[in-house]
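Participant: Dropping the sequence and predicted coords here.
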Amino acid sequence: MSKNNNSEPREYFVNLSSGKLTGLRGVTDENGKFKVLALDQSNSFKKFLRKLFEKTGRKAEPSYEDVRDAKLEITKELAGAGGASAVLLDVNYGVRQAINAGVLPKGVGLIVRCEASRDPGVAGEYEPGWNVDKIKRMGGTAVKLLVYLDVEDQSSTNRQVRFMEDVANACLKNDILLMVEELSYPRPGETKQDTSYKKRLPNNIFKATEILNPFADILKLEFPGDIENDSAKQIKANLAQLDRIAQRPWVLLSAGVKFPLFEKQVALTMQAGASGTMAGRAIFQEYFDQATPAARKKFLQKEGVLRMKKLNKLVDQYADSWQKRYDIADKDMANAVNPNWYKEGEEAAVATVGATTGEY
């Protein structure tokens, strides 16, 4: 099995390949922290738009243009003014469209989803016609892969791991950063509100993180508990355990919870060792509750930007940068560069440092 981390985490990042390191610096802010706006959703956008259409009396299914235009407007209004270090987009409605429309601000990284949108429990696969090679060629800063996991379902887990291995190998081949997201899910006849689901959720996240560790450069993880019902002591213990298990820098996903709840999760998670956030619906979902285009735009410009700034303030205040997580100084990174790094094989091994010719 080909895996990314055959060394300790600190050594891994000190010696990170040039392409992956460029990607890592490209998706973080100037302090090495993650402030990512996640807009790679497909079906949830359609669901939001259906509800909006019902409210406004429009009897139609959301079109390609409806989904595309919503993503472009949210990207335009939030990525720059909200202080995003990167934006996560999908191939279907977002990534090429955002580039063509010029809504992705300069200096903001471009993370691209590689997987097809599938129901939980279904084996992962690439979006048809899409792959890591194409993400690299189009100029993507990093690749994102979502992996649904019920770690007690060994057969399903094995299928997900095989696909994750394929994607990780493709990212190694293309020298592009890989961010892997885990998501737990209810079993048949169960909901996320059921006690049975909530009880096993933290352990599922812990075990899923262990599974993701060998393949990911960056981890995108769920909040390991029920902040509204679990004790503060239990939440703190769960977060500490998750931070111990994670062998990579990790960011918190919002999983579509309401913003006030997510803000509380972020505050606790950043203090526990996380390196930032990768959030979407918690920031913008009420955009679809606004009845008019003007009201939707105003929501983004006011409340949406405010929410991003609140999250970014928590990241600035509490989160560990990826370098601080492993006690890596800029000097350590500079010293790790072999003078012959750009050469290959025996030529690099025997080349003499400084043995150059020419006037330049």
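Facilitator: Okay, I see it.
Participant: For stretch 306-318, give me every contacting residue.
Facilitator: 31, 33-35, 37, 78, 81-84, 259, 262-263, 266-267, 270-271, 276-277, 279, 282-283 (C-beta atoms under 8 Å, 6 or more residues apart in numbering). C-betas here are computed from N, CA, C, even on glycine.
Participant: go on, stretch 96-110?
Facilitator: With C-beta under 8 Å, 6+ apart as the test, stretch 96-110 has contacts from 23, 26-28, 36, 68, 71-72, 75-76, 79-80, 84-87, 89, 95, 138-142.
Participant: One more: stretch 77-84?
Facilitator: By C-beta under 8 Å, 6+ apart, the surrounding residues in contact with stretch 77-84 are 29, 35-37, 87, 103-105, 108, 283-284, 297, 300-301, 304-305, 307-309, 312.
Participant: distance between the ends of it?
Facilitator: Distance between the boundary residues of stretch 77-84 (C-alpha to C-alpha, to the nearest Å) amounts to 11 Å.
Participant: go on, stretch 268-277?
Facilitator: Using C-alpha to C-alpha, the two ends of stretch 268-277 sit 12 Å apart.
Participant: which residues are in contact with it?
Facilitator: Residues outside stretch 268-277 that contact it (C-beta under 8 Å, 6+ apart) are 28, 32-36, 85, 223, 227, 235-236, 239-240, 242-243, 246, 249-254, 266, 311, 314-315, 317-322, 325.
Participant: Run through the strands of the stretch 1-150 of the chain in chain order.
Facilitator: 34-39, 86-89, 109-113, 142-148 (DSSP state E, counting those that start in this stretch).
Participant: Same list, the ones you listed, but as CSV with distance to Ala336 please.
Facilitator: Supplementary listing: the strands of the stretch 1-150 of the chain in CSV, determined by distance: least, C-beta to C-beta, whole Å:
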stretch, distance to Ala336
strand 34-39, 22
strand 86-89, 24
strand 109-113, 22
strand 142-148, 21
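Participant: Glu61: which of those is closest?
Facilitator: Taking C-beta to C-beta as the criterion, strand 34-39 is the member of the strands of the stretch 1-150 of the chain that comes nearest to Glu61, at 20.6 Å.
Participant: Now do that closest one: everything it contacts.
Facilitator: With contact meaning C-beta under 8 Å, 6+ apart, strand 34-39 is reached by 27-29, 71, 74-75, 78-79, 82-90, 94, 109, 111, 218, 249, 251, 253-254, 275-280, 283, 308, 311-312, 315, 319.
Participant: burial count for the residue nearest to Leu16 when sequence neighbours are not counted?
Facilitator: Nearest residue to Leu16, sequence neighbours excluded (C-beta to C-beta, 6 or more residues apart in numbering): Leu24, at 6.9 Å. Around Leu24 there are 23 other residues, counting by other C-beta atoms under 10 Å.
Participant: before we move on, what about Val91?
Facilitator: Applying other C-beta under 10 Å, we find 23 other residues in the vicinity of Val91.
Participant: Apart from its neighbours in sequence, what residue is nearest it?
Facilitator: Nearest non-adjacent residue to Val91, counting by C-beta to C-beta, 6+ apart: Trp130, 5.1 Å away.
Participant: Could I get the phi/psi values of that neighbour?
Facilitator: Main-chain torsions, Trp130, degrees, to the nearest 10: phi -120, psi 150.
Participant: Quick check: pLDDT value at it.
Facilitator: For Trp130, the model assigns a pLDDT of 97.
Participant: how far away is it from Ser156?
Facilitator: As for Trp130, its distance to Ser156 is 23 Å (criterion: C-beta to C-beta, to the nearest Å).
Participant: Thr292 now?
Facilitator: When distances are taken as C-beta to C-beta, Thr292 and Ser156 turn out to be 44 Å apart.
Participant: which of the two has more neighbours?
Facilitator: The residue with more neighbours, out of Thr292 and Ser156, is Ser156; 17 against 9, by other C-beta under 10 Å.
Participant: other SSEs contacting the helix or strand containing that one?
Facilitator: With elements taken from DSSP states H and E, the one containing Ser156 is helix 154-174. Other helices and strands packing on helix 154-174, by 3 or more C-beta pairs under 8 Å, 6 or more residues apart in numbering; DSSP states H and E, are helix 132-137, strand 142-148, strand 177-183, helix 195-212.
Participant: do that again at 6 Å, thanks
Facilitator: In terms of contact count using 3 or more C-beta pairs under 6 Å, 6 or more residues apart in numbering; DSSP states H and E, helix 154-174 is assigned the packing partners helix 132-137, strand 142-148.
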